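Trainee: give me a model of this one.
(2 chains)
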Amino acid sequence: MRVLVAAVPREATQFESSVKPLLREFCIDCHNAKKHKGDLNLEAFLIQSAQSALVERTTWTEVLSRMREGEMPPTEEKQPTPERVAAVVAWFDGEYAELDRHAAPNPGRVTVRRLNRYEYDNTVRDLLGVNFRVSEDFPADQFGYGFNNIGDVLTLSPLLMEKYLEAAERISRIAVPLSKPYPNLAMRYEAEASGQQRRAHIQAVHDFPVDGTYNLRTAWEQGLPNNFQMAVRTFVDGNEVLNLLFVHGSLMDRAREAKGVAIPRGTHKIETWIDVPPPAPGARPTAYPYPVRIEINGPFEQVPREQSASYRQIFQTEGVFATNAPAKSARQILVPLVRRAYRRPAARKDLNPLVGLVNSVQERGGSFEDGIRTALQAILISPNFLFRIERDPTGNAPHLISDLELASRLSYFLWSTMPDDELLAVAEKGRLGQPEVLHAQVRRMLADPKGRTLAENFAGQWLQTRNLESLKPDRNLFPDFDLPLRDDMMTETTLFFHAVVAEDRSILDFLDGKFTFLNERLAELYRIPDVQGREFRRVELDGTVRSGILTQASVLTVTSYPTRTSPVIRGKWVLENILNAPPRDPPANVPALDETDGGSAASIRLQLEKHRSQAECAGCHARMDPLGFGLENYDGIGRWRTAEGGLPVDATGRLPNGKAFSGSEELKAVFRADAPRFVRAFSEKLLTYALGRGLESYDKPAIEKIARRVEQHNHRFSELVAAIVDSVPFRMRHRENTESLRLDTKSDTSQETKPNKTP
Amino acid sequence: MKPLSRRTFLKGAGTFIAIPFLDAMVPAFAKSAPKSPARMMYVYAPSGMIPRYWNPTTTGRDFEYQRIMKPLEKFRSDILVMSGLSRKPLGLAMNDGGGDHARAVASYLTGVRPKKTLGADFHAGVSADQIAARVLGQKTRFSSLELACEDSRTVGACDSYTCAYQTISWKSPTQPLPPEINPRALFECLFGSAEVSDDPTERSNQQVSRRSILDLTRENTKDLMRMLGPTDRRKMDEYLTSIRETERRLEKSHSNPHALSLPAIGKPSGIPADYAEHARLMFDLLTIALQTDMTRVGTFMMAREGGVRPYPEIGVPEAHHPLTHHRGNPEMIEKVTKIECYHMEQFAYFVAKLKSIQEGDGTLLDHSAIVYGASMAEPNGHDNCPTLIAGSAGGRIKTGQHIACEKSTPIANLHLSMLDLVGVPTDKLGNSNGKLDFLTGIT
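Mentor: Next up, the predicted model:
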């Protein structure tokens, strides 16, 4: 499938009168047939007509973006006047916009998508009502285009297949438990290193096999200093189950237990905090108690399996289930289960083999429930469950996807999980395609608690804050940084993003929204007073040095080295994630920038300036580095600083287009002034995530349309989501030509020169 | 403040769980073949080596062990060091621009330059270990094992390429095999999960139902594929291949009813925070897999290529990769060298372990050929990839010396010779232009 190029440019004369002269004067000295610097030969265009030149859209897009940024011609060469550049850019923009208006819509084609780990866990949770994080053991999902839900990139290895099989067995044993009770087991999680601080923390993530009661015991070492008291608090998934206050002298056994805590089956986080209030002035304790282990004992009282939600959901029983007299036939049980698991009505072809499986288990002496358990395993490894499959009708034209396919696209976009009953029912009735029904569903889904997944899943990838999990800031330089603080950082960003979603705020708040969510530790890090306790609350940021996401600790930490900040990484991060204009790759075999030389910020700035003086590096570093310098007032874990290594921090920068700024607030103002650019960049990120494929040049009209709609509606988040959901690539799909191996997406506009056939 | 507790052991009712004696653990060769099978392993070190602390200055038998290789010196007679192997044409940027590290990983065992892409159309080649696995894997439960101490769980692109390239093992040009990094998952993969019943009837029932589930799924998928376009079908092909491989593993795991006594090993509960402990745990489990003939082929990545892991426990709190761009700074060179020595110490632990296990007429090490090497030279070069082999593949490799290959010999030639040594003769791999005569020919 190729997008055909419009027949005759509207203003061909301008190509002759303004584009060609500019190329001749300022470009072809380096980009000619002989020299073709950067693999670019512009000389050839001088003898072409406007019509044939326009065909090379990929080339022009690249060239124009360099000119817009002031990156080309290089600063040391003679420069065209801004008016001349603007005229050339405007001509191309106008021509391409015109072209897009007349081109047949090309929705592209999304490759069949395997559920990634996050989606797998969520889908299992919603299918069976068991919150089991089994996918922890799956191999990491591959990333493409910045996201890990890209169909083309997600592979399935034999290792993963074996894990799917094991997970299916594990999940089905939980969902359809064996009739014998679970044995009482003790599990012990030991802390590894010791560090004695006023607030000590230990946590364990544990799989609880069955709904029941458990004892949670925390043991610690080191007695309490004289005249001190300490609080021991144990939490299950953030809910307090133990809160004890000790004073000096009352501690004998150095362990306390929360007894008989009712915990549902599934994966839960157990954590204990040991807090000692700050010493009175003058009293200086030498050592604090620190936790050494958490022990989990149980189950003691087990909830009979017939009473568990997942069991009832599968067997559709109201009261107690009689084991030997199945109230429903295998088929009756499997029809609704398959419908929800495959996200479409069950077909006879789906059911017959599963019913056969149930029978064969019973023939081998298994119970009816053993049979259902086995059938559930087969469902959980079926491609219909593991993949999101969209089918093509006959014919070659782009087509609207079916309502059921739309339901899955919606639910995996907004919730990262399967459609719920309401969405599925609306789709089955064939009503989801109606605009008012669709929009009502989108509103409902965003308001649902599951709407939080956008903040958890999309935001963590867009902002790359997920990488915090693998970062280890140097403990000597940043003793404040530990796992709870790291989690707090991520929580702040998640809550902030979610506030924009839930309150339907302007997406420009991501740039400089003057509020955030903090708890005591983060507030201490930010030196914002009057925030006490572990709980997060909304904090207004007027008059502080923070606003938006750029100055949140999560982002500032994830863009730093373990020992110090990196203007280059931060600059690159801004280009990639705020402007969606990633720098080109560094030239190969050139030693990377030597900013690791342990020196002060000032010396790094000096080295970077040296670096930018090398022509081959200058182009990108002139864009990247200044952006990073604007954030230099924030150290490697996001603390504010005005001096570093005895020298005042220099947070000034000058962008290639000449705009100068000083500090993060002025930098944000630069982005804010160019709001359309951020709107497009952010729309592209969210659309990539929504579709599960990389964007191509034929998606341009769709993005333009989405961005304009957002701009007309005060940049409201819900309008962006609605615009994406209504867009051609989201609603439609192109059939894959059986003769071509794959969509030739790269060269879609570069080959065809024939006049456009009107669609 | 306490870090997250990770090194935890499953204590079932207070007792230490020993490895269950599954049928899978019986060596396939125990009854039939008196001769020990040859094992082939590649252990991959990331981001090159500091040449002056790696390269021996003389060839032949009595060369001096430099600093990084030092931990292996006590096994001198079991080690063959090679210099001059190159990955040059594959590593150079050509028109692909940056991405030396991504190219280093994907080309190391394939001899093929990976296609430059961020997504959809990634393409490399079949790796040497997977060529061996196709043949040697017929006889074992796992045709191969892919292990690592770090995976690419990071967001975004990996060194200007899609992160799919972050593994050295490739089953097909479009099917990378991501490594397992979690010792607990590896344990369960080798020995079954804790929930596997110890009642033989129940276990055999489980096997029967597994087989029928897979069977049913395979048939349904074939049906489904008829309705899909070519790209979607390719994805489903991948799925089907994996189903078949899983079926095969099940077949192998229950073909032999003998038992073998093994050292007890606790079931790890996750990934230890300590690097050395993590690496050693993985090597322990790998040793058992090799010893019990669960597999004969494997790859092991000490860390991610171009990775940014810091090693504060050995006095290197800085990220690894940026340090390797040291530009002659002695302090940075020292830190990089420390990391390289640290990796090597863990490998030496593995070698010692293999050597301690008696097997037939020698040791497990004797019956193996284990390459330890890096795909990068220093810092971003591609000539003279640091390479050594531990073990003699049953006396076939003349260990105990340093051999300088002709300059710029493709490293793919080494892979071909390795394949010869383990009985999987192959003519061509990527950019190979021959074999290493000193390894496989007459010496």
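
Trainee: so B:S77 makes contact with B:T399?
Mentor: Yes - if you go by Cβ atoms under 8 Å, B:S77 and B:T399 touch, sitting 6.3 Å apart. Just so you know, the C-beta spots here come from the backbone N, C-alpha and C atoms, and that holds for glycine as well.

Trainee: who's more crowded, the two?
Mentor: Between B:S77 and B:T399, counted using other Cβ atoms under 10 Å in any protein chain shown, the more crowded position is B:T399 (22 against 10).

Trainee: in a helix, the more buried one, correct?
Mentor: No - using DSSP: H, G, I helix; E, B strand; the rest coil, the secondary structure at B:T399 is coil, not a helix.

Trainee: ok, and the closest non-adjacent residue to it?
Mentor: Excluding its sequence neighbours, the residue lying closest to B:T399 (Cβ to Cβ, 6 or more residues apart in numbering or on different chains) is B:L80, at 4.6 Å.

Trainee: same question, B:V135
Mentor: B:V424 (4.6 Å).

Trainee: on that earlier part again, and the host helix or strand of the residue nearest to B:T399, what other elements does it pack with?
Mentor: Taking DSSP states H and E as the definition, B:L80 sits inside strand B:79-86. For strand B:79-86, the elements it packs on are strand B:387-390, strand B:401-410, helix B:411-421, judged by 3 or more Cβ pairs under 8 Å, 6 or more residues apart in numbering or on different chains; DSSP states H and E.

Trainee: A:S411: which of the ones you listed is closest?
Mentor: Among the helices and strands packed on strand B:79-86, the nearest to A:S411 by Cβ to Cβ is helix B:411-421 (46.2 Å).

Trainee: low pLDDT regions in chain B?
Mentor: B:1-35, B:92-95, B:152-157, B:192-204, B:252-267, B:378-382, B:440-443 (pLDDT under 70).

Trainee: sorry, slip of the keys, the one I care about is chain A.
Mentor: A:1-11, A:192-198, A:222-227, A:247-253, A:279-287, A:317-328, A:587-603, A:615-616, A:737-759.

Trainee: sorry, back to before: I'd like the helices and strands packed on strand B:79-86 as JSON lines, with distance to B:S86 appended.
Mentor: Shown next, in JSON lines, are those (distance: least, Cβ to Cβ, whole Å):
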{"stretch": "strand B:387-390", "distance to B:S86": "10"}
{"stretch": "strand B:401-410", "distance to B:S86": "4"}
{"stretch": "helix B:411-421", "distance to B:S86": "6"}
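
Trainee: could you dump those to CSV with distance to chain A?
Mentor: CSV is the format used below for the helices and strands packed on strand B:79-86 (distance: least, Cβ to the nearest Cβ, whole Å):
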stretch, distance to chain A
strand B:387-390, 21
strand B:401-410, 16
helix B:411-421, 18
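
Trainee: now tabulate the ones you listed in JSON lines and tack on mean neighbour count.
Mentor: Shown next, in JSON lines, are the helices and strands packed on strand B:79-86 (neighbours: other Cβ atoms under 10 Å in any protein chain shown):
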{"stretch": "strand B:387-390", "mean neighbour count": "23"}
{"stretch": "strand B:401-410", "mean neighbour count": "18"}
{"stretch": "helix B:411-421", "mean neighbour count": "25"}
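
Trainee: what packs against whichever strand or helix holds A:S310?
Mentor: Assigned by DSSP H and E, A:S310 belongs to helix A:309-315. For helix A:309-315, the elements it packs on are helix A:117-128, helix A:158-175, helix A:330-342, helix A:368-381, judged by 3+ Cβ pairs under 8 Å, 6+ apart.
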